[in-house]
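Undergrad: Sequence first, predicted coordinates after that:
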Amino acid sequence: SQQGEEDPQALSIQEGENATMNCSYKTSINNLQWYRQNSGRGLVHLILIRSNEREKHSGRLRVTLDTSKKSSSLLITASRAADTASYFCAESGAGTYKYIFGTGTRLKVLA
Amino acid sequence: DVKVTQSSRYLVKRTGEKVFLECVQDMDHENMFWYRQDPGLGLRLIYFSYDVKMKEKGDIPEGYSVSREKKERFSLILESASTNQTSMYLCASSLLGGGSNQPQHFGDGTRLSIL
């Protein structure tokens, strides 16, 4: 399988805490994207980081990329109950329109 | 906002039936995708299309076919449904420009049960 993996598979934290999710990917990427999926809904794009970038911020989200280790992490700061969802990374190589999604991290934020 | 609409949220069909899942997007996106999502397996690509009447196989195309007669509509067809095709099916679209640097926009999914 070419699928990447997220770690941990599940994470439960208190509101206000930070949540960190990690992604191991398999290919030589052009970029890596993070998506959120609320229960029973489709995925929503959160942030894209290119292979020549090391860190990117968007609001309370911070994404890092280490191409030497083929890994990325997503940090959500000051989490809220509304952040409860599954989070997926998706890798994409050069010259392709295909995305390879990881298996996801289920985040639960307790109020 | 981009809207990707899947025709049914829930669908129950019988083994051997021919099943059609419809997806429509309203943002003139060139690329459209069909995935299935199963617990512990994440999303797996079935087929994608980068233009009208153009299609390419994804990672798990067996037992499926697709049709793209109009730019805004991408249909997934289960030729003869089997119980192992019970799953959540997700449609997505994206712009062509910049290739895979474009984010994908997803519909809310169709939960298909094959009895």
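TA: Everything's here; your move.
Undergrad: packing partners for the worst-scoring helix or strand of chain A on mean pLDDT?
TA: Least confident helix or strand of chain A, by mean pLDDT, DSSP states H and E, is strand A:5-7 with a mean of 81. With contacts defined as 3 or more Cβ pairs under 8 Å, 6 or more residues apart in numbering or on different chains; DSSP states H and E, the packing partners of strand A:5-7 are strand A:19-24, strand A:85-93. To be clear about C-beta, it is placed using only N, CA and C from the backbone, and glycine gets the same treatment.
Undergrad: Would you mind putting the ones you listed into CSV with mean neighbour count and distance to chain B alongside?
TA: Shown next, in CSV, are the helices and strands packed on strand A:5-7 (neighbours: other Cβ atoms under 10 Å in any protein chain shown; distance: least, Cβ to the nearest Cβ, whole Å):
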stretch, mean neighbour count, distance to chain B
strand A:19-24, 20, 11
strand A:85-93, 24, 4
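Undergrad: What residues are bridge-paired with residue 6?
TA: Let's take chain A. A:Cys23 (DSSP bridges).
Undergrad: should've been chain B
TA: In this entry, B:Gln6 is beta-bridged to B:Cys23, by DSSP bridges.
Undergrad: Quick one: residues contacting it.
TA: B:21-23, B:89-91, B:107-110 (Cβ atoms under 8 Å, 6 or more residues apart in numbering or on different chains).
Undergrad: can you give me the angle the strand ranked longest in chain B makes with strand A:85-93?
TA: Determined from DSSP state E, the single longest strand within chain B is strand B:42-51. Interaxial angle, strand B:42-51 versus strand A:85-93 (axes from the mean of the first three to the mean of the last three Cα atoms, to 10 degrees): 50 degrees.
Undergrad: other SSEs contacting whichever helix or strand comes after strand B:42-51?
TA: Going down the chain from strand B:42-51, the next helix or strand is strand B:54-57, by DSSP states H and E. When contacts are defined as 3+ Cβ pairs under 8 Å, 6+ apart, strand B:54-57 sits against strand B:42-51, strand B:64-70.
Undergrad: Please work out the average pLDDT along the longest one.
TA: When the per-residue pLDDT values of strand B:42-51 are averaged, the result is 92.
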